[in-house]
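**Q** okay, structure incoming, though there's no sequence with it:
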């Protein structure tokens, strides 16, 4: 894989499963499963490709804002 910005081949790909996580977005703190964000996370796994030369995260951006309320509602439904 080559970087979409600088053509470097120094791409770090990180894939990890997420049982629980915490993150901050727009000044709000969240603790739950990972948010669903194109090119970053599907809610269960985080999969990021990062150029070690220029810092560009690979993929199509801008990504849409995650719907945090929907995720919390789904978790509440699973608990009943």
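**A** Looks like it arrived, so ask away. The structure presented is a predicted model; accordingly, all values stated were derived computationally and were not measured.

**Q** what's the burial count for the residue nearest to residue 40 when sequence neighbours are not counted?
**A** Excluding the flanking residues, the one nearest residue 40 by Cβ to Cβ, 6 or more residues apart in numbering is residue 48, at 6.0 Å. Any C-beta I mention is one placed from the backbone N, CA and C, and that applies to glycine too. Residue 48: 15 surrounding residues under other Cβ atoms under 10 Å.

**Q** neighbours around residue 27, how many?
**A** Neighbourhood size, residue 27 [other Cβ under 10 Å]: 5.

**Q** in stretch 48-68, what counts as buried?
**A** In terms of neighbour count (16 or more other Cβ atoms under 10 Å), stretch 48-68 has its buried residues at 49, 51, 56, 58, 66, 68.

**Q** what about the helices in this protein?
**A** For the chain, the helices defined by DSSP state H occupy 68-78.

**Q** distance of the residue nearest in space to the middle of it relative to residue 7?
**A** In the chain, the residue lying closest to the centroid (Cα atoms, centre = their mean) is residue 40, at 3.0 Å. According to Cβ to Cβ, to the nearest Å, residue 40 and residue 7 sit 22 Å apart.

**Q** beta partners of the residue nearest to residue 40?
**A** Taking DSSP bridges as the rule, residue 48 bridges to residue 14.

**Q** from memory residue 9 sits against residue 2, does it?
**A** Yes - contact criterion Cβ atoms under 8 Å: residue 9 and residue 2 qualify, at 5.7 Å.

**Q** tell me who's in contact with the residue nearest to the centre of the chain.
**A** 46-48, 57, 59, 63 (Cβ atoms under 8 Å, 6 or more residues apart in numbering).

**Q** flag the shaky bits of the chain, pLDDT-wise.
**A** Applying pLDDT under 70 to the chain picks out residues 68-80.
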